[in-house]
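Trainee: Kindly return the folded structure for what I paste below:
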Amino acid sequence: MLQLVPNSPIGAGTSPVALTTDPLGKFLFAANLQSNNVSAYSIDQATGELKAVAGSPFVAGKGPMSLAVDVSGNYLYVANSTDDNISGYSIDSTDGRLIPLAGFPVAARSNPTAVMTGTNGYVYVVNSGSDSLSLFQVNAATGALTAIGSGVSTAHEPSSVAEYAPGNFIYVTNRASNSISGFTRTAAGNLTELNGSPFPLYATTPSCSGDQPLRFAAEPQLPFAFVSFAQRLGTCSEVPIEAYQIDLPSGTLRNAASSPASGNVFSDHNPLWEWTLQSGSFMW
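Mentor: You can find the predicted model right below:
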């Protein structure tokens, strides 16, 4: 049973649309879409209580829609959807303050709406306005991002990106084309589209005008993944969460036996929540 922790709810900026934590769970960060900043909080390890970090909120670009901490926990990256760029910060390991990195913001392509930090120092950026996925390499010493190639094409209106690290597979949900693009990553960081990609959604999904794949989450150790949906037109009473099996070694997505599962209606008035899987558990 879930219970409110002390000092909850806690204030944020205007329209907080995405959350992430550092790998050690010491700090929580929120992207505030309409106030163009990032709120930072320390997390009480005993009670879960959140306390605003000194100086929070921190200035971002226009329209911050997604944010991610690198695997070292040293750097935070923010996708600014209106400015078409990425902000970068170092994270003070003592108090969680965000310190702007030199050389940022870094240019992205049109309307970057999702950013994800992967294994081996890679950062992925979904560009909804240009139907593309960009790839960057993180400099571990400085946090600087170096673009790898010019990016790869996705299907129409990509909305999220996730990595299944054991297979070096990258998946992108394509909201406007009702599909999922899949890629494999070489040791040099080059992305190649998987055979059969983009993968269509299951025929077992209820026929519901406006159902669109919104977020993709891969289980960290097992070859399973989950997709949530937005419902724009409100013509169905429920929107499913679909479960996929990741075929090894091909990376092809297959219908899992329990898919789809019913979920609550997800109003398109607020379609931007971020979710992921950490140690087999959901985090919204």
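
Trainee: T186: how many residues sit nearby?
Mentor: When neighbours are defined as other CB atoms under 10 Å, T186 has 9 of them. The way it works is simple: take the backbone N, C-alpha and C, and place the C-beta from them, glycine included.

Trainee: And for L145?
Mentor: Neighbour tally, L145, other CB under 10 Å: 26.

Trainee: Kindly report the domain assignment for this protein.
Mentor: The chain breaks down into these domains under automatic domain parsing: 1-153, 154-284.

Trainee: Now render the ones you listed as CSV, adding mean pLDDT.
Mentor: Output for the domains of the chain, formatted as CSV (pLDDT from 0 to 100):
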stretch, mean pLDDT
domain 1-153, 94
domain 154-284, 70
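
Trainee: what's the burial count for the residue nearest to D22 when sequence neighbours are not counted?
Mentor: Closest residue in space to D22, ignoring its immediate chain neighbours: G73 at 4.3 Å, by CB to CB, 6 or more residues apart in numbering. Other residues near G73 come to 16 when the count uses other CB under 10 Å.

Trainee: Over to S8?
Mentor: Using other CB under 10 Å, S8 has 10 other residues around it.

Trainee: a strand runs through it, doesn't it?
Mentor: No: counting by DSSP: H, G, I helix; E, B strand; the rest coil, S8 is located in no strand; its state is coil.

Trainee: mind listing what it touches?
Mentor: The contact partners of S8, by CB atoms under 8 Å, 6 or more residues apart in numbering, come to 49-50.

Trainee: Go again with 7 Å.
Mentor: L50 (CB atoms under 7 Å, 6 or more residues apart in numbering).

Trainee: before we move on, what about F199?
Mentor: 179-180, 182, 253.

Trainee: Just list whatever residues bridge to it.
Mentor: When bridges are called by DSSP bridges, F199 pairs up with I180.

Trainee: A31 versus that one, what's the distance?
Mentor: Counting by CB to CB, to the nearest Å, the separation of F199 from A31 is 28 Å.

Trainee: same question, S15
Mentor: For S15, the distance to A31 - CB to CB - is 9 Å.

Trainee: Also D131?
Mentor: 22 Å.

Trainee: Neighbour count: S15 and A31, which is higher?
Mentor: Shown here are S15 and A31; by other CB under 10 Å, A31 has more neighbours (33 against 15).

Trainee: Checking my notes, the more buried one in a strand, right?
Mentor: Yes: A31 forms part of a strand when assessed by three-state DSSP.

Trainee: That one and N37 touch, don't they?
Mentor: No: in this structure, A31 is not within contact of N37 by CB atoms under 7 Å, at 8.4 Å.
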